[in-house]
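>>> Okay, sequence plus prediction incoming.
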Amino acid sequence: MVTAKPTVRVIGTGGSIAGVGPDRMDFILYPEIGNHITIQQSLDRVPEIQEIADVRSEDLVSVGSTAIGAAEWLGLARRINQIFREEPDVAGVAITHGTATLEETSYFLHLTIKSSKPVVITGAMRPPTALSTDADLNLLDAVRTAACPDSAGLGVLTVLNNEIQCGRDVTKASTFRVETFRPNELGFLGYADSDGKVIFYRAPLRRHTSNTPFMVDSMTDLPRVDIVYSYAGADGLLVDAVRSNGSDGLVLAGFGGGTFPPAVIDAAVKVVDSGIPVVLATRSTAGRVVTTPKKDEQGFIVSDNLLPQKARILLMLGLTISKDRHELQQMFYDY
């Protein structure tokens, strides 16, 4: 008896996985050149994918991921939600994406996709035109993971270098190495491994996808949230600029467990007093930022263990629902 192959939608957005360099030795110039192959051309490079799934492909955008922002996030979420509504035979969705902002797109989709079916994001550190490119295997592994029933209910996943990671926790840790994506200190979820199997050992516990209140399909923009990075001797200049600009929210990347130069805190208190929510995060790469009686008194929100770039995304989405500090704080504990 022949078992029907699952159907997987593959959406291209550009990035290094679709990049075209001037020669096989180019690993750094291709983003500035800006040429990309289509997602169908990427799939044609890996005919083995057809043994795994029936693939339907489309290019949503074709840009380096440094050009990805709120408009592209909303368009991508809207398109994926539409696919799951209108194409019930689709088992999962795989997305190709540049690595620069892959960790941010993955968390945004982790909070906004309204289906338990797998959504898997992949990219490449070396373009398909380069020696020893990781583009082809990462694409195959992403389709394999999207087609796997065990991937359902885990939220948005990323797959690179054979490792399956949670969209909430994954972060880019190296500028050029193919093993750049890391799950902070919590561990990756499983493998898309060399024997062709997709194996999971862990599952995300924080709420995601269908279990969040973030409904973005009708949105055309998101609240503006800025990030200000702390450093030794920092003053309140940039924090004051955010307040003067009328931004909707602010994330502060501080030291260690969420401490800041005195001048930065003084300026941030004024931001809170002006009605703009301020989230305290850390520039450290692991661990939580926890609240204290003084932080509560000053009106700050803490990021828990979200890195600043992830905390920004949750605050942007949270502000579409509420501006109440206590409600926003609870979101950082729930998602």
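Yes, it's here.
>>> Identify, by residue count, the longest strand of the protein.
Longest strand in the chain, counting residues (DSSP state E): strand 54-63.
>>> what residues does it touch?
5-15, 18, 36, 38-40, 43, 49, 68, 72, 75-76, 79, 90, 98, 143 (CB atoms under 8 Å, 6 or more residues apart in numbering). Where C-beta positions appear, they are placed from N, C-alpha and C, glycine not excepted.
>>> Tell me the gap between the helix or strand just after that strand and the middle of its chain.
Read in the C-terminal direction, the helix or strand following strand 54-63 is helix 70-86, with elements assigned using DSSP states H and E. Averaging C-alpha positions (CA atoms, centre = their mean, to the nearest Å) puts helix 70-86 14 Å from its chain's average.
>>> Low-confidence regions, the stretch 1-150 of the chain specifically.
Counting by pLDDT under 70, the ranges of the stretch 1-150 of the chain that qualify are 1-2.
>>> mind listing the helices for the stretch 101-250 of the chain?
Using DSSP state H, counting those that start in this stretch, the helices of the stretch 101-250 of the chain run over residues 102-112, 135-147, 237-245.
>>> export those to JSON lines and tack on distance to residue 205?
Rendered in JSON lines, the data for these read as follows (distance: least, CB to CB, whole Å):
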{"stretch": "helix 102-112", "distance to residue 205": "13"}
{"stretch": "helix 135-147", "distance to residue 205": "20"}
{"stretch": "helix 237-245", "distance to residue 205": "33"}
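>>> Of all the ones you listed, which one is nearest residue 271?
Each of the helices of the stretch 101-250 of the chain was scored for nearness to residue 271 using CB to CB, and the closest is helix 237-245 (4.7 Å).
>>> Please enumerate residues in contact with the closest one?
226, 228, 250, 252, 264, 267, 268, 270, 271, 274, 276.
>>> Who wins on neighbours among those?
Using other CB atoms under 10 Å as the neighbour definition, those reach their maximum at residue 252, which records 30 neighbours.
>>> and that residue, what helix or strand is that in?
With the criterion set as DSSP H and E, the secondary-structure element containing residue 252 is strand 249-254.
>>> Parallel or antiparallel, list what pairs with that strand.
Strands that pair with strand 249-254, judged by DSSP bridges, come out as strand 225-229 (parallel), strand 278-282 (parallel).
>>> Would you reformat those as TSV and include distance to residue 320 and mean pLDDT?
Converted to TSV, the strands paired with strand 249-254 look like this (distance: least, CB to CB, whole Å; pLDDT from 0 to 100):
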stretch	distance to residue 320	mean pLDDT
strand 225-229	11	98
strand 278-282	15	98
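>>> Let me have those strands in a markdown table, adding distance to residue 302 as columns.
Conversion of those to a markdown table gives the following (distance: least, CB to CB, whole Å):
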| stretch | distance to residue 302 |
| --- | --- |
| strand 225-229 | 15 |
| strand 278-282 | 5 |
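>>> residue contacts, the closest residue to residue 221 other than its chain neighbours?
Counting by CB to CB, 6 or more residues apart in numbering, residue 70 is the residue found nearest to residue 221 once chain neighbours are left out, at 6.2 Å. Contacts of residue 70 were listed using CB under 8 Å, 6+ apart, and they are 221, 222, 316.
>>> of these, closest to residue 173?
Within the contacts of residue 70, proximity to residue 173 (CB to CB) peaks at residue 316, which comes in at 23.6 Å.
>>> coming back round to it: and the contacts of strand 54-63, which are buried?
6-15, 18, 36, 39, 43, 49, 68, 72, 76, 79, 90, 98, 143 (16 or more other CB atoms under 10 Å).
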